[in-house]
Each structure stands twice: as C-alpha cells, then as structure tokens.
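In: predicted model and sequence follow; I will ask about them next.
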Amino acid sequence: MASVTSMAQKQLNDFKYIIVPKKFDGFKKQNQYQTSTLVKHLFTEKGFETAYEDDLPMELNANRCLGLTVSLVDDSSMFTTKTALMLKDCQGKEILATQEGKSKEKDFKDSYNEAIREAFKSVQTLNYVYSGKAENSAPITVSFANDVKDAKKPKNAKSMVEQQATVENQSFKDHSPKDSDFTKGEEKREMVEQMATREQQSYVDKTPKPSDIKSSSKNQLKISNAKPSSGVLYAQELENGYQLVDSTPQIVLKLKKTSVPDYYLAQGDDRSGTVFMNEGKWYFEYYLEGELVTEELDIKF
C-alpha cells in the first residue's frame, strides 16, 4: 500500500470535502460496527468538511470533483482486525492510502474502532488546509438534457440521514426511501451467506460466474419478462470496470470486468448479480427471495 508522502499532502489540500459511504464494501449493514460515523467524526475533527454520499451539500452535488470518497480497506483475519483508509477522487484515482491499523479485540465494534483510529494517524500527521483549487476545476461532464426536470428541495425538507458523530455519542438513522420491489416485513436475500465471528467464519458466494452464460452471438438469450428501465444511467470508468450513476448523480451500481466481453459482476447497495448485453440491450440479473429478477438498463458510456 502506498505511503503518505508530501505529494499526497499537497494533493489532499486541493479537495474541500470527504464523502463517507453509509455502508463500506464488505459489510452487510449500514454503519455496521459504527464504522461510518467514526470515520466521518475523525475527518470532521481533523478540519475536513464531510458528508454522507446520499446527503451531499449543493455545491458538492453539482461538482463531485470537490470531494474525495473514503473507502475502508479491510484485510482482517480470524483473530486480528486489520484496516486502512483510502481516498479517491471523482475519477477513481487514488490520492491517499493510510497505514494499516490493527486490533485483536474480540468485540467487532471495539476492534474496528481501534484499528480505524490507528490507521487515521497517517492523516493526523498531515497539516490539511484547503487550497481552494478544486473549486476552479471543472465537474464531471454529464449531460442530463431531456432526461430529468429541475427540482428544488423544500426549505423544511427532512434530511435523508440523521447522525451524531462525536467521541461520546454516535448514532445513525437513515430516512432514505426504500425500493418498492420488496414486500414489507420480508428480508432481502443475500447473494453471499457468511458467518463472521472470531470463533467461526464461513463464506458462500452465490454470485453467478462468467462461465455460467454463453456470450456467443449464436446463443443469444431470449428475454421477455425483463422489468423496463427506470431511467438513464451514466457509466464512469474505473480501474477495473465502471460505476453507473443516475441523474442525482448517485452511484447505483459498480461493475467489475470479467473475461467475457460485455459481461460484468455488479454490486449495488442491496443487490448483487450480473450486468450483460443481449441483442443490443443491457440487463441486470440478480436473485430476490430465491427468484431470478431481470431488469433492463439504459446505460450511456
């Protein structure tokens, strides 16, 4: 992992915001073990302006290049929690990677708290002062012409997220609208079944493999019951694939490349599956309550 350098210090000063995910990759629940509120608190305490990824300030929502998105690099083993923090810009370029923090606490909440705080020491050594450079940079060019209508947020509109992030008190409440595809009271089926305790760990991946489908034009699938597209998604290239954002803009899916052309492993907030092209159209397939669901996607690359 890259070390924190003077160059990273200079680059860090060029960004105004730190964008914190409500659920880090690899975790099942939002703010699991209070990871999100702790990371947000630490950056805020250091002098950064912070925001959750779905509750961005107006200027950051208009120009995502003003901020860096923080991710949690988790390399934990059965008996040791090992984490590091990574900051990437709006193009997916790595700006800073911290040292790895470690903890042998048995309680996951305590161990992640200790490991994250140790990793954050790399940031504490830097004298962050926003240079204002990001405000003069151009935002990602995405045209929403004829796709969305202008909408103003009411002055008394309730925030999508209520949270406290102090050393003494940490809480997190999500008021975001839930997908109507799920019946009230039913649990969402996981594509991955796992147990994660110090004493016992298991992992069963149910994500379809590239070998499960045939990409030959002679064997095109006949799809007749796909759900229609819910809107245009814009593909932003990453190192190993793409991220699909809607007109908010908010990340809807992350796609990882495979050895099969036009076939990607897809990961959303609550759905995991595959995205592939069939007869000139893009589709997203995943399992929900044991049933295969197919959605048509309108993707602009």
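Out: Good, I have the coordinates.

In: now do the SS call for the spatially closest residue to G268 that is not a sequence neighbour.
Out: Computed as CB to CB, 6 or more residues apart in numbering, the closest residue to G268 that is not its neighbour in sequence is L253, at 5.0 Å. The C-beta positions use only the backbone N, C-alpha and C, and glycine is treated the same way. Secondary structure, DSSP: H, G, I helix; E, B strand; the rest coil: L253 is strand.

In: residue contacts, L253?
Out: 233, 243-244, 266-268, 275, 284 (CB atoms under 8 Å, 6 or more residues apart in numbering).

In: count of neighbours near the nearest residue to L238 once chain neighbours are set aside?
Out: Leaving aside its chain neighbours, L238 sits nearest to G92 (4.4 Å; criterion: CB to CB, 6+ apart). Residues lying near G92 (other CB atoms under 10 Å) number 15.

In: repeat for the one 10 residues further on
Out: As a burial measure, K102 scores 17 neighbours (other CB under 10 Å).

In: thought it was touching K82?
Out: Yes - here K102 lies in contact with K82, judged by CB atoms under 8 Å, at a distance of 5.2 Å.

In: S111 contacts F79, correct?
Out: No - applying CB under 8 Å, one finds S111 not in contact with F79, separated by 10.0 Å.

In: comparing these two, which residue is more hemmed in?
Out: Taking other CB under 10 Å, S111 and F79 do not tie; S111 has more neighbours (23 against 10).

In: give me the element that one is part of.
Out: helix 108-119 (DSSP states H and E).

In: any figure for the gap between L66 and T44?
Out: 16 Å (CB to CB, to the nearest Å).

In: what's the strand ranked longest in the chain packed up against?
Out: In terms of residue count, the longest strand belonging to the chain (DSSP state E) is strand 291-300. Contacts defined by 3 or more CB pairs under 8 Å, 6 or more residues apart in numbering; DSSP states H and E place strand 291-300 against strand 232-238, strand 281-288.
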